[in-house]
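Just to be clear, the model below is a prediction. Sequence and coordinates:
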Amino acid sequence: MEIFVDPDIHTYSGGLGMLAGDTMRTFADLNIPVVAVTLLSEKGYLRQRIVEDRQVEEEDEFDPSEKMLLIAKEIMLNIRGEDVKVRPWCYFVKGISGYSLPVIFLDTNVKGNSDWARELTSYLYGGDPDYRLAQEIVLGIGGFRILKELNFSSIYRFHMNEGHASFLTLELYRKTRNIDFVRRQCVFTTHTPVKAGHDSFSIEKVEEFLGYGIPEDILPYVTDNGNLNMTKLGMFFSHYINGVAKKHKEISSMLFPHYSIDSITNGVHSLTWVSEPFKRLFDRYMPGWRQDPYILRSASGIPSNEVWHAHMEAKKALIDYINNNFGKGFSHDLFTIGFARRMTAYKRPYLLFYDEDRLREIARSVNGLQIVYSGKAHPKDEEGKRIIERVIRAGRRLEPDVRFIFIPNYDFRIAKLMVSGVDLWLNTPRIPMEASGTSGMKAAHNGVPQLSTLDGWWKEGYIEGVTGWAIGEEDQESDDQRDSRDLYDMLEYRILPIFYKFRERWIEIMKNCIALNASFFNTQRMVEQYVLNAYFL
């Protein structure tokens, strides 16, 4: 449904889109022939402004003709009894050696379509359930037909990420009526550890929109209480299913006990997320890392003073951006904490501010702290918007002991500045709500350690005091009061003393982040696992 391919193409909202883009960049790096299909979403997700501490949303429109090629082809769908034309735009993702892969963007804003149909591919995660159902028909069925129209006739595997594209399987099944034949072609990855996060639509509504019924022989396997479950549909027709972290595999296996679910832990595209100062450093001491990120394993041999110099250069870029754009008077020397992601309740952005007096005392003990926040709430997530307001007001109350900034309109450019420019990356999801998470991996690529609850990928990447620190105990049920106390204790008694009093030890931790985590939690390792375990199984 979403993908990040270019900063000026606003077809992404967060981690899932970033992951899709990083995956395609890695396929291109490795010369693996792949085509990606998504929706155009030319009006974007949202442009965020902060007005009186509250999020205000605006359209984030872009002109596809500036970066994409319009292909003179069309296919026809029938949705809710209405003929809908779909046309493809193409963007080419280039790998490190110049090998290019196509990303196909589906567009229904075509002359001859009704006003309703023309907007089906306009908004990312917009509209009501009917709009979402129609979008998923365009993606799953329309995407398959577009590929055939463009002569992609020798596709070996169809890889569905989430249930958004699961109608693809119905299209394949209607043509063959052979379940095993469809399964041999399909792979399914779930990214959601919460039952409510899996799309479902009433059977009656689905049949109204498709114009035909769901085959009776598969209904018992793909429905819940009279609703078509899009995740179950994708899983039923796939020969390989995986979650995106080992912990997520366990949760998914409990949610869907009738399926064998593997795990392939997410990663990030190393070359995309390493900052310029660290790129130069890695080129000097670890030549070949651009082609093979596993070479980052030898980062422990880089002189400590050069690691610190690269970090301070990246930190200066972030601090200068904040000061030049927001006039905040941030310091290059104060310990800086970063938190940036979708602003929603389960991620607990407010946890750092749970006890403002305690946080103020900690800040005073080290002559000040700096906190940098960024992130968007979904337009319909009123609780997420209230959390933004709560965080901004808490940050203001803590000044001047704590210097705080909420950077509006979080995007790729801000993300890259933050994951490389802060001293500590903070992640506070409520266990077990985080399927994987990738922002901490991006920070690790820049030598920035993480403090996080033991959820998602962090259960695999965490070594206490070596790659970072944990909030709470493993498999402990989340509790705001207890977790915030643990967070403050970690800051006051473990993290800040090392940063200010034992700088050489801190730099060793930075190098461990690169050597142990960046060398493994990258999309090259991830893609290789998909190729071996899923595509050629």
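Arrived safely. Numbering: from 1, shown residues only.

Number of residues surrounding Gly465?
14 (other C-beta atoms under 10 Å). C-beta coordinates here come from the backbone N, C-alpha and C atoms, glycine included.

I'd like to know which elements the longest strand along the chain is packed against.
Assignment by DSSP state E gives strand 82-94 as the longest strand of the chain. Counting contacts by 3 or more C-beta pairs under 8 Å, 6 or more residues apart in numbering; DSSP states H and E, strand 82-94 packs against helix 15-29, strand 69-70, strand 75-79, strand 100-107, helix 115-118, helix 143-149.

Of all these, which one is nearest Leu39?
strand 100-107 (5.3 Å; C-beta to C-beta).

Using PDB, list the CA coordinates for the longest strand of the chain.
C-alpha atoms of strand 82-94 as PDB (Å, rounded to 0.1, in the frame of the first residue of the first chain):
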ATOM      1  CA  GLU A  82     -18.800   0.300 -11.900                       C
ATOM      2  CA  ASP A  83     -16.100   0.100 -14.500                       C
ATOM      3  CA  VAL A  84     -12.900   1.600 -13.200                       C
ATOM      4  CA  LYS A  85      -9.900   2.300 -15.500                       C
ATOM      5  CA  VAL A  86      -6.400   1.800 -13.900                       C
ATOM      6  CA  ARG A  87      -3.200   3.100 -15.400                       C
ATOM      7  CA  PRO A  88       0.400   2.500 -14.300                       C
ATOM      8  CA  TRP A  89       3.200   5.000 -13.500                       C
ATOM      9  CA  CYS A  90       6.700   3.700 -13.200                       C
ATOM     10  CA  TYR A  91       9.700   4.700 -11.100                       C
ATOM     11  CA  PHE A  92      13.000   3.000 -11.400                       C
ATOM     12  CA  VAL A  93      15.000   2.100  -8.200                       C
ATOM     13  CA  LYS A  94      18.700   2.000  -8.900                       C
END
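
pLDDT averaged over that strand, what's the number?
In this model, strand 82-94 has an average pLDDT of 99.

Can you give me the buried ones in it?
Neighbour-count burial for strand 82-94 flags Val84, Lys85, Val86, Arg87, Pro88, Trp89, Tyr91, Val93 (criterion: 16 or more other C-beta atoms under 10 Å).

strand partners of that strand, parallel vs antiparallel please.
strand 69-70 (antiparallel), strand 75-79 (antiparallel), strand 100-107 (antiparallel) (DSSP bridges).

how big is the angle separating it from helix 15-29?
Orientation check (axes from the mean of the first three to the mean of the last three C-alpha atoms, to 10 degrees): strand 82-94 against helix 15-29 gives 50 degrees.

The chain should start at 57 in everything you say after this.
In the new count, where the first residue is 57, that last one comes out as strand 138-150.

returning to what we had before: and the strands paired with strand 138-150, which is most packed in?
strand 156-163 (a mean of 21; mean count of other C-beta atoms under 10 Å).

Could you tell me how far that strand lies from the centre of the chain?
19 Å (C-alpha atoms, centre = their mean, to the nearest Å).

can you check stretch 204-216 too?
25 Å.

who touches it?
Stretch 204-216 is contacted by residues 91, 127, 129-131, 144, 160, 200, 203, 222, 224-225, 228, 241-245, 290, 294, 586, 590-591 when judged by C-beta atoms under 8 Å, 6 or more residues apart in numbering.

Could you tell me which of the residues you listed count as buried?
The buried subset of the contacts of stretch 204-216 - by 16+ other C-beta under 10 Å - is 91, 131, 144, 160, 200, 203, 222, 224-225, 228, 241-245, 290, 294, 586, 590.

in the longest helix along the chain, what counts as buried?
The single longest helix within the chain, with elements called by DSSP state H, is helix 360-382. Buried residues in helix 360-382, counted by 16+ other C-beta under 10 Å: 360, 363-364, 366-367, 369-371, 373-375, 377-378.

check contacts around the nearest residue to Asp85 once chain neighbours are set aside.
With C-beta to C-beta, 6 or more residues apart in numbering as the criterion, Asp85 has its nearest non-adjacent residue at 4.2 Å, and that residue is Gly151. Going by C-beta under 8 Å, 6+ apart, Gly151 touches Arg81, Phe83, Ala84, Asp85, Leu86, Asn87, Leu157.

What are the buried residues along stretch 571-584?
571-583.

before we move on, what about stretch 413-424?
Neighbour count says stretch 413-424 has Arg414, Leu415, Arg416, Ile418, Ala419 buried, by 16+ other C-beta under 10 Å.

Could you verify that the second one is part of a strand?
I take that to be Leu415. No - read with DSSP: H, G, I helix; E, B strand; the rest coil, Leu415 is helix and lies in no strand.

For the stretch 157-306 of the chain, which segments count as strands?
214-217, 242-245, 256-258, 279-280, 283-285, 296-299 (DSSP state E, counting those that start in this stretch).

now the first one, how far from the chain's geometric center?
Meaning strand 214-217. How far strand 214-217 lies from its chain's middle: 16 Å, per C-alpha atoms, centre = their mean.

Within the sheet, what are the partner strands of it, with directions?
Strand 214-217 pairs in its sheet with strand 242-245 (parallel), by DSSP bridges.

With just CA atoms, put the strand it pairs with into CSV.
C-alpha atoms of strand 242-245 as CSV (Å, rounded to 0.1, in the frame of the first residue of the first chain):
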residue,chain,number,x,y,z
CYS,A,242,2.5,-16.9,-3.0
VAL,A,243,4.4,-15.7,0.0
PHE,A,244,2.9,-13.7,2.9
THR,A,245,4.5,-11.4,5.5
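
Now do the nearest residue to Leu102 once chain neighbours are set aside: how many residues are near it, please.
Spatially, and ignoring its direct neighbours in sequence, Leu102 is nearest to Glu113 (4.3 Å; C-beta to C-beta, 6+ apart). As a burial measure, Glu113 scores 15 neighbours (other C-beta under 10 Å).

What helix or strand is Glu113 located in?
strand 110-114 (DSSP states H and E).

That strand - contacts with which helices or strands?
Packing contacts for strand 110-114, counted by 3+ C-beta pairs under 8 Å, 6+ apart, involve strand 103-107, helix 438-454.

will you turn the buried residues of strand 138-150 into a markdown table that also has distance to Pro333?
Converted to a markdown table, the buried residues of strand 138-150 look like this (distance: C-beta to C-beta, whole Å):
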| residue | distance to Pro333 |
| --- | --- |
| Val140 | 49 |
| Lys141 | 49 |
| Val142 | 44 |
| Arg143 | 43 |
| Pro144 | 39 |
| Trp145 | 36 |
| Tyr147 | 29 |
| Val149 | 25 |
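
Tyr187: which of the residues you listed is nearest?
When the buried residues of strand 138-150 are ranked by distance to Tyr187 (C-beta to C-beta), Val140 comes first, at 12.9 Å.

Hmm, the closest one is touching Gly168, no?
No - using C-beta atoms under 8 Å, Val140 is not in contact with Gly168, being 9.6 Å away.

so what are the domain limits for the protein?
In terms of domains, the chain is parsed into 57-209, 212-325, 334-577 (source: automatic domain parsing).

ok, which stretches of the stretch 207-356 of the chain are helices?
223-232, 235-241, 259-266, 275-278, 286-292, 302-311, 326-329, 332-341 (DSSP state H, counting those that start in this stretch).

Return the angle between stretch directions for the last one and helix 360-382.
Same thing as helix 332-341. 160 degrees.

what's helix 332-341 in contact with?
By C-beta under 8 Å, 6+ apart, the residues outside helix 332-341 that reach it are 327, 330, 345-346, 352, 354-355, 357-358, 362-363, 365-367, 369-370, 476, 501-503.

doesn't Phe468 make contact with Lys498?
No - assessed by C-beta under 8 Å, Lys498 is found out of contact with Phe468, at 10.7 Å.

Which one's more surrounded, those two?
Set Lys498 next to Phe468 and count neighbours by other C-beta under 10 Å: Lys498 wins out with 27 against 18.

State the distance from the more buried one to Gly440.
Computed as C-beta to C-beta, to the nearest Å, the Lys498 to Gly440 distance reads 22 Å.

What of Ala355?
Ala355 sits 37 Å away from Gly440 when distances are taken as C-beta to C-beta.
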